[in-house]
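Student: can't give you the sequence, but here's the structure:
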């Protein structure tokens, strides 16, 4: 089965925070709009996160992410679960603190309905995270 983008209009997303609660300018939707001009910008604080509730069961195999350099995460923890179950740790990822799209994150293929990405260790002194693009690839089941 070919790898395809798993995030769609029916994917329910949540984030830990939005800078100054300004969702119009810095909201979660900007991670998925394919624009180089917009981004999700978290407020300050440790352990920012994003959750994705997929409309149907998926098998995740790759993660693509583009941070703003200086506002990235040194450690990302991926957790996932099937509907009605508790989150279970899938893997740790170690992104670079750069502006470029990072597409080399191969994830141990996991069947799930919900994915949580926790940004454990921000490169920003105040714990802010800035994400221009977030993509999850795999297979719809």
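Tutor: In hand now; what should we look at? In this text the structure is predicted, and so the values were computed from the model without any measurement.
Student: neighbours around residue 72, how many?
Tutor: 24 (other Cβ atoms under 10 Å). Quick note: C-beta positions are derived from backbone N, CA and C, even for glycine.
Student: please renumber so the chain begins at 101
Tutor: Fine by me, first position is 101 from now on; the one you just mentioned is residue 172.
Student: Can you verify my assumption that it contacts residue 223?
Tutor: Yes - if you go by Cβ atoms under 8 Å, residue 172 and residue 223 touch, sitting 5.2 Å apart.
Student: Given the longest strand seen in the chain, what are its sheet partners and their directions?
Tutor: Using DSSP state E to define each element, the chain has its longest strand at strand 148-167. Sheet pairing of strand 148-167 (DSSP bridges) gives strand 112-115 (antiparallel), strand 202-219 (antiparallel), strand 230-240 (antiparallel).
Student: and that strand, which residues are buried?
Tutor: Neighbour counts over strand 148-167 (16 or more other Cβ atoms under 10 Å) mark 148-152, 154, 158-163, 165-167 as buried.
Student: Same question for stretch 193-204.
Tutor: Applying 16+ other Cβ under 10 Å to stretch 193-204 flags 193, 195, 202 as buried.
Student: Can you list the low-confidence ranges for the protein?
Tutor: In the predicted model, the chain carries pLDDT under 70 at residues 101, 204.
Student: can you do 80?
Tutor: 101-102, 203-209 (pLDDT under 80).
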